[in-house]
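1. Sequence and predicted structure below; questions after.
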Amino acid sequence: MMIYKTCPGIILTSIGEQEYLVTAKNRIQLNDTAAFYWKCLSEGADINKLKEAVRCEYDLEDSEELEQEIQGLIQELLEGQLIQEITK
């Protein structure tokens, strides 16, 4: 099972009511849900842990749509080199 963790040197910060990921090269604005995902990933999480955390936080049912949303986010973050895979 793959565990995902945020890459070193990338921080989540708030400016006013907005949350941003700050890297050495840029600043990326996040919505509330993406910021929540980031906080979970900063502690190290696999897909199942992310799904459970999101379901509890937002009182959602487990669904194919939720799975696809999480998979899409993970893929985007991996491609952007914002998170890394850790083999457990």
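-> Done, it's in. Values in this document were obtained by computation on a predicted structure and should not be read as measured data.

2. residue farthest from the centroid of the protein?
-> G16 (20.9 Å; Cα atoms, centre = their mean).

3. Dihedrals phi and psi, that one?
-> Dihedral pair for G16: phi 70, psi -130, per degrees, to the nearest 10.

4. residue ranges with poor pLDDT in this structure?
-> The chain contains residues with pLDDT under 70 at 88.

5. what about the helices in it?
-> Assigned helices in the chain, in chain order: 32-42, 47-58, 64-79 (criterion: DSSP state H).

6. Including mean neighbour count, could these go into TSV?
-> Quick note: C-beta positions are derived from backbone N, CA and C, even for glycine. What follows is the helices of the chain, written out as TSV (neighbours: other Cβ atoms under 10 Å):
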stretch	mean neighbour count
helix 32-42	17
helix 47-58	15
helix 64-79	14
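
7. hmm, back to that, next, work out how far apart the residue farthest from the centre of the chain and G80 are.
-> Between G16 and G80 the computed distance is 24 Å (Cβ to Cβ, to the nearest Å).

8. Could I get the phi/psi values of T23?
-> Main-chain torsions, T23, degrees, to the nearest 10: phi -110, psi 180.

9. I'd say it and G9 touch.
-> Yes - T23 is within contact range of G9, at 7.0 Å (criterion: Cβ atoms under 8 Å).

10. of those two, who's got more company?
-> T23 (15 against 8; other Cβ atoms under 10 Å).

11. so I47 makes contact with I70?
-> Yes - using Cβ under 8 Å as the test, I47 is close enough to I70 to be in contact (6.0 Å).
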